[in-house]
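Colleague: how would this look folded up:
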Amino acid sequence: MKSRITILALLLASAGVFAAGNALADGEAVLKTKGCLGCHAWDKKKVGPAYNDVKAKFKGQAGAVDKLVAEITAGHPPHPKVRASTEEVKEAVTYILSK
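Modeller: Numbering: from 1, shown residues only. Below is the predicted model:
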């Protein structure tokens, strides 16, 4: 019985890691397909700030993902409205902040 519980726990943990990996891959795809990289780069300011600077600014802040998603999807300055769903924006922001 103990080994069954251990195996079940390992399977659930693996599923969580797999799901997180997929979300990160999806976030990267959103950046590429929705035109984000036209205004942003990882290591330098373009039209918008560098992703590394955004990551540093929001590091360790509770609610950072939700705050950035709200700002980006609303289209309020400094970020223009994007043609992406809220879920896509959340995937991209999560990817940026976790990389």
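Colleague: backbone phi and psi for the nearest residue to C39 once chain neighbours are set aside, please?
Modeller: Nearest residue to C39 in three dimensions, chain neighbours excluded: V47, at 3.9 Å (CB to CB, 6 or more residues apart in numbering). C-betas here are computed from N, CA, C, even on glycine. Dihedral angles phi and psi of V47 (degrees, to the nearest 10) take the values phi -70, psi -40.
Colleague: same check, this time on Q61
Modeller: Dihedral angles (degrees, to the nearest 10) for Q61: phi -80, psi 130.
Colleague: ok, F58 next?
Modeller: Note on F58: its backbone torsions stand at phi -100, psi 0 [degrees, to the nearest 10].
Colleague: which residues are in contact with G35?
Modeller: Each residue near G35 by CB atoms under 8 Å, 6 or more residues apart in numbering is listed here: V82, R83.
Colleague: circling back to that earlier point, surely the residue nearest to C39 is in contact with A41?
Modeller: No. Using CB atoms under 8 Å, V47 is not in contact with A41, being 9.9 Å away.
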